[in-house]
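Asker: the sequence and its predicted three-dimensional model are supplied below.
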Amino acid sequence: MEVKQLNETTYEIKCGTTHYKIVNAKIKELVKNGAEKIILREVYGQRYIGTGIKEPVKIEIHGTAGNDLGIFLYNPKIEVFGNAQDCVGNTMMKGEIVVRGHAGDVCGYGMRGGKVYIEGDVGYRVGIHMKGYKEFVPTFIIGGKAGNFFGEYMAGGKLILLGLNRKSSEDIVGDYCATGMHGGIIYVRGEVPKRYLGKEVKIFEIDDKDREILETELKGFAKAFNLSVEEIMSEPFTKIVPVSARPYGRMYAHRWGIASGIIK
């Protein structure tokens, strides 16, 4: 690992094959000592970059970010010039993550706040268990397509799927979309076949309030990737919302009753 100070508050780290624990320890040391920007080069899947950092530092990643990028993130802005692996924004509270490429599975798991912008596609189970927390409301925007179980068990926040790079023959999302969803809202640019949806949700056309929400949320995404909000909004959007606040509550209560002997 090679560390270079570029100016008073900017540092560059060449990660190479250095173990992720060593890389992350150096990042936190530099932040503690007043770094405002850290550029990581030759990143080859190092995990947990940005974990739990509360200072408003900018972290720039060149390469492939490893699993749990920005887990428990609480302020920084992370920008990836490349792809990211699984669990981007896992349980993050505040801040911003921009990925100029694709991302893997289980991104946004338990996300409580902040913004995540993915330029390309994402994998399976993205946005599962997303939720707001007090004044925090998370937003996760994907420019490409998503795999199965998109928005599974979602409890809060906003998931926006744009499908900007898909062919006319490709579906924008996979099976079991919004299964178990009981809070939050999903916006999809285009149609979502009903056969892909969980039984706990319904599809609606967007109204003026939804359009205002989308235009506001898409400003950051469009700015990050040099796109036009007007062009994105030129295609129709589908709104997916839950129709039950506790879709499995009766099932759990029934099983508990049997286990406890109350129900026979």
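Answerer: Thanks, I have the structure now.

Asker: who's in contact with residue 64?
Answerer: 43-45, 82-85 (CB atoms under 8 Å, 6 or more residues apart in numbering). Glycine gets a C-beta too; all of them are placed from N, C-alpha and C.

Asker: what do you get for residue 173?
Answerer: In this structure, residue 173 makes contact with 145-147, 150, 161, 188, 192, 196, judged by CB under 8 Å, 6+ apart.

Asker: in CSV: those residues, plus secondary structure and neighbour count.
Answerer: Written out in CSV, the entries for the contacts of residue 173 read as follows (DSSP: H, G, I helix; E, B strand; the rest coil; neighbours: other CB atoms under 10 Å):
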residue, secondary structure, neighbour count
145, coil, 23
146, coil, 26
147, coil, 18
150, coil, 32
161, strand, 30
188, strand, 25
192, coil, 20
196, helix, 17
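
Asker: out of these, which is nearest to residue 209?
Answerer: When the contacts of residue 173 are compared for distance to residue 209 (CB to CB), residue 188 comes out closest, at 17.0 Å.

Asker: just to revisit the earlier point, and the contacts of residue 173, which is closest to residue 236?
Answerer: So of the contacts of residue 173, ranked by how close each gets to residue 236 (CB to CB), first place is residue 188, at 9.8 Å.

Asker: now residue 78, what's its secondary structure?
Answerer: With DSSP: H, G, I helix; E, B strand; the rest coil as the basis, the three-state label of residue 78 is strand.

Asker: give me the residue ranges of the stretch 151-264 of the chain where confidence is low.
Answerer: For the stretch 151-264 of the chain, applying pLDDT under 70 flags the ranges 245-264.

Asker: just checking, residue 214 touches residue 208?
Answerer: No. Using CB atoms under 8 Å, residue 214 and residue 208 do not qualify as a contacting pair, with a distance of 10.7 Å.

Asker: more neighbours: which of those two?
Answerer: Neighbours of residue 214 and residue 208, each counted by other CB atoms under 10 Å, are more numerous for residue 214; the result is 21 against 7.

Asker: what helix or strand is the more buried one located in?
Answerer: Taking DSSP states H and E as the criterion, residue 214 maps to helix 208-224.

Asker: packing partners for that helix?
Answerer: strand 115-118, strand 139-142, strand 155-161, strand 183-189, helix 229-232, strand 237-242 (3 or more CB pairs under 8 Å, 6 or more residues apart in numbering; DSSP states H and E).

Asker: that one vs strand 155-161, what angle?
Answerer: On the basis of axes from the mean of the first three to the mean of the last three CA atoms, to 10 degrees, helix 208-224 is oriented at 60 degrees to strand 155-161.

Asker: now helix 208-224 - C-alpha only, CSV.
Answerer: Taking only C-alpha atoms (Å, rounded to 0.1, in the frame of the first residue of the first chain), the coordinates of helix 208-224 have been written out as CSV:
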residue,chain,number,x,y,z
ASP,A,208,-49.0,15.0,-9.7
LYS,A,209,-47.6,14.4,-6.2
ASP,A,210,-45.6,11.4,-7.4
ARG,A,211,-44.3,13.3,-10.4
GLU,A,212,-43.1,16.0,-8.0
ILE,A,213,-41.4,13.4,-5.8
LEU,A,214,-39.7,11.8,-8.8
GLU,A,215,-38.5,15.1,-10.3
THR,A,216,-37.0,16.1,-6.9
GLU,A,217,-35.3,12.8,-6.3
LEU,A,218,-34.0,12.4,-9.9
LYS,A,219,-32.1,15.7,-9.7
GLY,A,220,-29.2,14.2,-7.8
PHE,A,221,-29.1,11.1,-10.0
ALA,A,222,-29.2,13.2,-13.2
LYS,A,223,-26.5,15.5,-12.0
ALA,A,224,-24.2,12.6,-11.0
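
Asker: and that helix, what's buried?
Answerer: Neighbour-count burial for helix 208-224, with 16 or more other CB atoms under 10 Å as criterion, is recorded at 213-214, 217-218, 220-222, 224.
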